[in-house]
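Asks: Structure for the following, please:
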Amino acid sequence: MKKKCLKKTDNLWVLFNGEEYVIGLTKAAQDDLGTITFASVPKLGQEFTKGDTLIELEAEKAVNEYVSPLTGTVSSVNEKLEQNVDVLNDEDEMNAWIISLKDVNVEEFDDLV
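Replies: Here you go, the predicted model:
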């Protein structure tokens with residue numbers, strides 16, 4: 001089994017925690033957006049192909065869509081995010097996780113920087 005590994009795209013980070021691939025919003029993306037006021041969150045069991053729209057975020061500066069860096073199936077959703085979008089405005093970007101994916105194409109993860 002692979003050990004834990006963190007990789008980043010322009011706006012998202014991906015952490016392989018030994019079991020799942022957790023995807024969250026980078027601090028840089030948080031700063032670019034300003035205060036996030038709304039998030040459309042994927043549903044448990046939803047399938048994504050790399051490049052599909054993963055989440056849409058509304059903020060004081062813009063409305064942005066972020067695409068999935070991986071192909072996989074949503075295995076968990078940040079419950080705190082579903083209740084309060086302010087989780088994505090947190091100073092600690094690791095608290096700004098959105099979803100976890102399973103059944104991921106590992107080669108796509110390996111190709112991330």
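Asks: buried set for the least confident helix or strand in the chain by mean pLDDT?
Replies: Lowest by mean pLDDT, DSSP states H and E among the helices and strands of the chain is helix 79-83, with a mean of 86. For helix 79-83, a neighbour-count test (16 or more other Cβ atoms under 10 Å) marks L81 as buried. Where you see a C-beta, it was placed from the backbone N, CA and C, and this is true even at glycine.
Asks: and it, how far from the chain's centre?
Replies: With Cα atoms, centre = their mean, to the nearest Å as the basis, helix 79-83 stands 13 Å off its chain's centre.
Asks: pLDDT averaged over whatever helix or strand comes next after that helix - what is it?
Replies: Helices and strands here follow DSSP states H and E; after helix 79-83, the next one along the chain is strand 97-102. The average pLDDT within strand 97-102 is 96.
Asks: go on, stretch 39-59?
Replies: 94.
Asks: what do you get for stretch 16-26?
Replies: On average, stretch 16-26 scores 94.
Asks: Let's see stretch 97-104 as CSV, backbone CA atoms only.
Replies: Only the C-alpha atoms of stretch 97-104 are listed here, as CSV (Å, rounded to 0.1, in the frame of the first residue of the first chain):
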residue,chain,number,x,y,z
TRP,A,97,-11.5,19.6,2.4
ILE,A,98,-14.4,19.0,0.1
ILE,A,99,-14.7,15.3,-0.6
SER,A,100,-12.9,12.0,-0.6
LEU,A,101,-12.7,9.7,-3.7
LYS,A,102,-12.4,5.9,-3.9
ASP,A,103,-11.8,3.7,-7.0
VAL,A,104,-9.4,6.4,-8.3
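Asks: contacts for that stretch?
Replies: Residues from elsewhere that reach stretch 97-104 (Cβ atoms under 8 Å, 6 or more residues apart in numbering): 15, 19-25, 39, 41-42, 48, 54-55, 68, 70-78, 81, 88.
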